[in-house]
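fold the following for me, if possible:
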Amino acid sequence: MIEYIVPGLKETFYGFQPYTLTARNMFIKFILWLLLLLLCWPLAILALLLYPLVWLFLLPFRLIGITVNAFFRFIKALFLLPARVLGG
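Model prediction:
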């Protein structure tokens, strides 16, 4: 339903995920990394080494986002419960 409003935005268990990793996207990322490797190999190696560290650093923020989103969904369900019970 939301995909018609914003293309590429898909609803997942913990909210809206704006980007899904497909084989085509992975291939494009790989080609861009190879291009970076050819143009400036130290920067490409640095990016390859820093990516897991950045992912680990951002993981707590993702978990906080999942928790806050679950809380807001619970509050929404709590407010809409009387309408569901009455058949609205």
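
which residues in this protein form strands?
10-12, 15-17 (DSSP state E).

could you point out the longest helix in the protein?
helix 41-85 (DSSP state H).

so what's the backbone phi/psi at Cys40?
When read as degrees, to the nearest 10, the backbone of Cys40 gives phi -150, psi 80.

tell me how many other residues surround it.
12 (other Cβ atoms under 10 Å). From N, CA and C alone the C-beta is placed, and that goes for glycine too.

need the pLDDT of it.
Listed pLDDT for Cys40 reads 92.

what does the one 4 residues further on give?
In the prediction, the pLDDT value recorded for Ala44 is 91.

for the longest helix of the chain, name the packing helices and strands.
Counting by 3 or more Cβ pairs under 8 Å, 6 or more residues apart in numbering; DSSP states H and E, the packing neighbours recorded for helix 41-85 are strand 15-17, helix 23-39.

what's the most buried one of the ones you listed?
The highest average neighbour count among the helices and strands packed on helix 41-85, using mean count of other Cβ atoms under 10 Å, belongs to strand 15-17 at a mean of 13.

what mean pLDDT does that strand have?
Mean pLDDT, strand 15-17: 56.

again with stretch 65-79
On average, stretch 65-79 scores 92.

export only the CA atoms of it, formatted as PDB.
Coordinates of each C-alpha in stretch 65-79 appear next as PDB, following Å, rounded to 0.1, in the frame of the first residue of the first chain:
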ATOM      1  CA  GLY A  65      15.000   2.400  16.000                       C
ATOM      2  CA  ILE A  66      13.400  -1.100  16.000                       C
ATOM      3  CA  THR A  67      12.500  -0.700  19.700                       C
ATOM      4  CA  VAL A  68      11.000   2.800  19.300                       C
ATOM      5  CA  ASN A  69       9.000   1.700  16.200                       C
ATOM      6  CA  ALA A  70       7.600  -1.300  18.100                       C
ATOM      7  CA  PHE A  71       6.600   0.900  20.900                       C
ATOM      8  CA  PHE A  72       4.700   3.300  18.600                       C
ATOM      9  CA  ARG A  73       3.000   0.400  16.900                       C
ATOM     10  CA  PHE A  74       1.900  -0.900  20.300                       C
ATOM     11  CA  ILE A  75       0.500   2.500  21.200                       C
ATOM     12  CA  LYS A  76      -1.300   2.700  17.900                       C
ATOM     13  CA  ALA A  77      -2.800  -0.800  18.400                       C
ATOM     14  CA  LEU A  78      -3.800   0.200  21.900                       C
ATOM     15  CA  PHE A  79      -5.700   3.300  20.700                       C
END
